[in-house]
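Enquirer: Next one to model:
(chains A and B)
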Amino acid sequence: NAGVTQTPKFQVLKTGQSMTLQCAQDMNHNSMYWYRQDPGMGLRLIYYSASEGTTDKGEVPNGYNVSRLNKREFSLRLESAAPSQTSVYFCASSDGGRDGYTFGSGTRLTVV
Amino acid sequence: QKEVEQDPGPLSVPEGAIVSLNCTYSNSAFQYFMWYRQYSRKGPELLMYTYSSGNKEDGRFTAQVDKSSKYISLFIRDSQPSDSATYLCAMRRGSNYKLTFGKGTLLTVNP
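Expert: A predicted model of the protein is given here:
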C-alpha cells in the first residue's frame, strides 16, 4: 500500500533550470495538492486539483505550473528555478472524507 | 489576523509529562478539526480527527474542540521520546473544502 509517492526525493538545481516534480497516489482520491514547507512559514499551498481535469491556484502559485495527468498523477513544474524556490515540497491527496490528507514523503529542492 | 494561529514553540518536556498543544482560529465556519504529526524529514501524518465541539480520545492522545472559544487542543499523556515531532493543527469548513493548517509546534520529549 504505497499511498502517495513523490519523485525525486532530493534535487539540486542551478538558477534558471527547469524541472518537474512527480506525484502519484494509489488510493483513488479525487483531490490532490502541492505544498511547500519552509522554516517558520508552515505549509503553504501552491496549487491543487479538486478533481481530474481541474486545477486551481493556491496561496503561492507564482513560478510554478501544474498538470493533473490523470486521476492518479499530479505534477509540479518549475520553469525557471530561483533560489527563493529552495524548499521542501509535499504532495498530498484526499477523498474529502474523514481521513484528511495523505502526504507523500517530500522532495527536498535546493536552487543554487 | 491569520485564520489559524499556532504557537511554534519549541516545546521541550521530560519523558512522562503531560503535553498540551493548542491552536486558535478566527473562522467560525470551520467544522472539521485535525491534528497531524510530522517527524523530521517526513511528511505529515494524520493523528486525530474531530467534528464539532467536545473531546475525542485515542490511547495517550486526546483532542479537544471548543467552538465557542474557537480553540482546539491536543493533549499527550505519559509523553515518550518517540512523540518528539512537529504537531500541526488543521481545519476546514466542510468535507470538500481545503484544509487550513497552523504553522506547527516543535515538541521534544527528553528521556
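Enquirer: Flag every residue of chain B that's near chain A.
Expert: Residues of chain B lying close to chain A by Cβ under 8 Å from any Cβ of the partner chain are B:8, B:34, B:36, B:41-46, B:49, B:88, B:90, B:95-96, B:98-99, B:101-104. In short, each C-beta sits where N, CA and C put it, glycine included.
Enquirer: Swap in 6 Å and give it another go.
Expert: B:34, B:43-44, B:46, B:49, B:95-96, B:101, B:103-104 (Cβ under 6 Å from any Cβ of the partner chain).
Enquirer: Where neighbours are concerned, which of these has the most?
Expert: When neighbours are counted by other Cβ atoms under 10 Å in any protein chain shown, residue B:44 leads these with 28 neighbours.
Enquirer: Go through the residues of chain B next to chain A and name the one nearest residue A:68.
Expert: residue B:96 (16.4 Å; Cβ to Cβ).
Enquirer: where along chain B do the strands fall?
Expert: B:4-6, B:11-14, B:19-25, B:32-38, B:45-51, B:54-58, B:61-66, B:71-76, B:85-92, B:100-101, B:105-110 (DSSP state E).
Enquirer: May I see the buried residues of the third one?
Expert: I take that to be strand B:19-25. B:19, B:21-25 (16 or more other Cβ atoms under 10 Å in any protein chain shown).
Enquirer: Give me the contact list for it.
Expert: With contact meaning Cβ atoms under 6 Å, 6 or more residues apart in numbering or on different chains, strand B:19-25 is reached by B:4-6, B:13, B:70-76, B:79, B:87, B:89, B:102, B:105.
Enquirer: show me where pLDDT drops low in the chain?
Expert: Went with chain A since none was named. Along chain A, the parts satisfying pLDDT under 70 run over A:1, A:98.
Enquirer: My question was about chain B, not that one.
Expert: Ranges of chain B meeting pLDDT under 70: B:1, B:95-96.
Enquirer: now the residues of chain B next to chain A as CSV including distance to residue A:35?
Expert: As requested, those are exported to CSV (distance: Cβ to Cβ, whole Å):
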residue, distance to residue A:35
B:34, 15
B:43, 10
B:44, 9
B:46, 15
B:49, 19
B:95, 20
B:96, 18
B:101, 8
B:103, 13
B:104, 12
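Enquirer: Now do the same contact list for the residue lying closest to residue A:13 once chain neighbours are set aside.
Expert: Spatial nearest neighbour of residue A:13, chain neighbours left out: residue A:81 (4.5 Å); criterion: Cβ to Cβ, 6 or more residues apart in numbering or on different chains. Taking Cβ under 6 Å, 6+ apart, we find residue A:81 in contact with A:13, A:17, A:111.
Enquirer: can you rerun that using 10 Å?
Expert: A:11, A:13-19, A:63, A:109-112 (Cβ atoms under 10 Å, 6 or more residues apart in numbering or on different chains).
Enquirer: Look up which helix or strand the residue sitting nearest the centre point of chain A falls in, please.
Expert: In chain A, the residue lying closest to the centroid (Cα atoms, centre = their mean) is residue A:34, at 3.0 Å. Following DSSP states H and E, one finds residue A:34 within strand A:31-38.
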